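**Student:** Fold the following for me, if possible:
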Amino acid sequence: MPNVEDLRSPFSIESVRFHDYCCPAVCAKMLNLDISSPLLPLLLLLSILLPGYGCRAADIPEDTTSEFSVRLYHQLQAAGSQENIIFSPLSVAVALGMVELGAGGASLEEIREAVGFNHMLPGLEFSLLQNLTEALSDDDAHYVIRFANALFLQEGISFNPEFLHLMKKYFRAEVENVDFSESSAVADRINNWVENHTERKIRSLLSAEDFSSITRLTLVNAVYFRGSWKNQFRPENTRTFSFSRDDGSEVQTLMMYQQGDFYYGEFSDGSQEAGGVYQVLEMPYEGDDMSMMIVLPRQEVPLASLEPIIKAPLLEEWANNVKRQKVEVYLPRFKVEQKIDLRSILQELGITKIFNNDADLSAMTDGKDLYIGKAVQKAYLEVTEEGSEGAVGSGMIALTRTLVLYPQVMADHPFFFVIRNRRTGSILFMGRVMTPEVVDPFDPDFDSI
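**Tutor:** Presented below is the predicted three-dimensional model:
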């Protein structure tokens with residue numbers, strides 16, 4: 001009979017299936033325990049102490065990585081004051097979960113603490129991540145989400161078979177052997193792999209310069225999302241409009257417009273730090289499970305004044321307090337794409353050992369001195385009238401502000417956004433738009449836009 005220590009090992013998953021969020025009775029049956037077993041009270045206690053974990057495997061627990069998501073955002077924000085930001089917190093968490101499966105000692109604990117898993121029993125996070133990502137794929141009829149996660153290992157180094165099994169079980173991830181000394185060939189192979197897993201939207205993720213003869217392990221992480229709005233914008237209402245950037249300059253962009261029922265609220269941090277009152281608009285995608293939340297400061301307030309107050313509890317406050325009502329929405333078409341050096345960002349958040357000679361990846365492979373030399377993420381998001389690809393009216397026709405009968409969200413200046421699963425709270429994308437897609441209405445090709 002397994003002892004209590006077995007419950008703490010991520011590699012005892014097949015025999016002790018807490019990772020599937022079973023009922024105590026189910027776990028007991030799978031462990032061949034009778035009702036008098038000393039382990040049964042422990043199973044019952046765990047089912048009570050772990051909030052959100054029900055008796056059915058289909059139950060989807062609430063995401064616990066919001067604080068990690070916000071910390072990632074603030075690190076990216078500090079790196080560029082006037083740049084667009086787009087990244088996938090959930091996808092980063094999944095990538096780190098892949099590494100965590102093969103990590104031990106301090107390397108393991110750094111990941112658990114940074115991501116927010118240290119309050120859970122070791123190993124439970126793997127099914128948490130599995131269930132959260134599977135929840136995003138439940139309704140392919142309404143949206144498309146493509147995760148691309150893989151580990152590329154230097155040829156001649158063999159993986160632990162149990163690690164490979166768990167990678168496939170929990171992350172559907174691929175593990176490939178390459179010869180990093182052939183840097184151009186490796187870059188082409190990885191880039192083609194990513195393109196094939198993201199409907200060819202994520203291109204040129206890596207270059208030959210990213211590898212050398214001493215590279216042993218590369219973590220690749222990409223995500224692509226396409227969704228249609230529940231309430232679509234009418235293309236004939238799209239017009240050119242001036243977008244005021246925070247540096248005082250203006251650019252011409254294509255501004256979408258509609259009046260519809262959305263979730264809306266006005267908030268204030270109670271001080272002037274965020275410039276007073278700001279607006280929050282939540283726009284669901286078809287199916288209602290996914291939505292985009294837009295946070296917009298007042299016209300005269302730079303987004304940089306609002307960003308410091310963004311915290312995990314505030315994300316939850318916004319989601320819980322927006323109310324469904326009629327709203328006039330002016331939203332620019334935009335396309336954002338960003339490549340992020342996860343290594344430097346994660347090191348700033350306290351995950352350091354997996355990237356140097358102190359790494360303990362002993363559960364991944366028996367190879368010595370193995371550490372992650374490169375970790376990148378490239379995210380892509382396009383917002384149009386339909387939510388995905390869509391035709392647009394053309395012409396230099398200015399929008400005018402109409403008599404306001406309903407709350408009006410005029411996103412003609414920088415804003416913060418989150419795309420999240422409304423059931424679990426999982427943040428698929430987080431970012432900001434400092435400069436939307438710029439158009440030149442005097443360009444001869446403008447009529448073809």
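**Student:** now the helices for this protein?
**Tutor:** 24-30, 39-49, 66-79, 89-101, 105-115, 124-136, 161-171, 183-197, 303-306, 312-321, 342-348 (DSSP state H).
**Student:** Comparing those helices, which comes out most buried?
**Tutor:** helix 89-101 (a mean of 25; mean count of other CB atoms under 10 Å). Using the backbone N, CA and C atoms, a C-beta is placed for each residue, glycine as well.
**Student:** Format the helices of the chain as CSV; extra columns: mean pLDDT and distance to Val336.
**Tutor:** Below are the helices of the chain laid out as CSV (pLDDT from 0 to 100; distance: least, CB to CB, whole Å):
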stretch, mean pLDDT, distance to Val336
helix 24-30, 36, 44
helix 39-49, 35, 41
helix 66-79, 92, 12
helix 89-101, 90, 15
helix 105-115, 94, 24
helix 124-136, 86, 20
helix 161-171, 88, 26
helix 183-197, 91, 18
helix 303-306, 91, 14
helix 312-321, 93, 19
helix 342-348, 91, 17
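**Student:** where does this protein have low pLDDT?
**Tutor:** 1-63, 81, 137-141, 270-275, 367-368, 387-405, 440-449 (pLDDT under 70).
**Student:** If we use 80, what do you get?
**Tutor:** 1-64, 80-82, 135-143, 146-149, 219, 221-225, 269-276, 366-369, 387-405, 439-449 (pLDDT under 80).
**Student:** How is it divided into domains?
**Tutor:** Structurally, the chain divides into domains by automatic domain parsing as follows: 4-49, 89-95+117-227+336-382, 235-335+388-448.
**Student:** Can you tell me how far Lys169 is from Arg420?
**Tutor:** Computed with CB to CB, to the nearest Å, the distance linking Lys169 and Arg420 is 26 Å.
**Student:** which non-adjacent residue is nearest Asp369?
**Tutor:** Asn357 (6.1 Å; CB to CB, 6 or more residues apart in numbering).
**Student:** now swap in Ser213 and tell me
**Tutor:** Ser181 (4.4 Å).
**Student:** next one: Ala411
**Tutor:** Closest to Ala411 by CB to CB, 6+ apart is Leu331, at 5.0 Å.
**Student:** does that neighbour have beta-bridge partners, and which?
**Tutor:** Met256 (DSSP bridges).
**Student:** Columns distance to Ser228 on top of the helices of the chain, output as CSV?
**Tutor:** Formatted as CSV, the helices of the chain follow (distance: least, CB to CB, whole Å):
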stretch, distance to Ser228
helix 24-30, 39
helix 39-49, 39
helix 66-79, 25
helix 89-101, 21
helix 105-115, 31
helix 124-136, 15
helix 161-171, 27
helix 183-197, 22
helix 303-306, 27
helix 312-321, 21
helix 342-348, 30
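**Student:** thinking again about what came up before, my guess is the residue nearest to Ser213 meets Ile214, correct?
**Tutor:** No - here Ser181 lies out of contact with Ile214, judged by CB atoms under 8 Å, at a distance of 9.1 Å.
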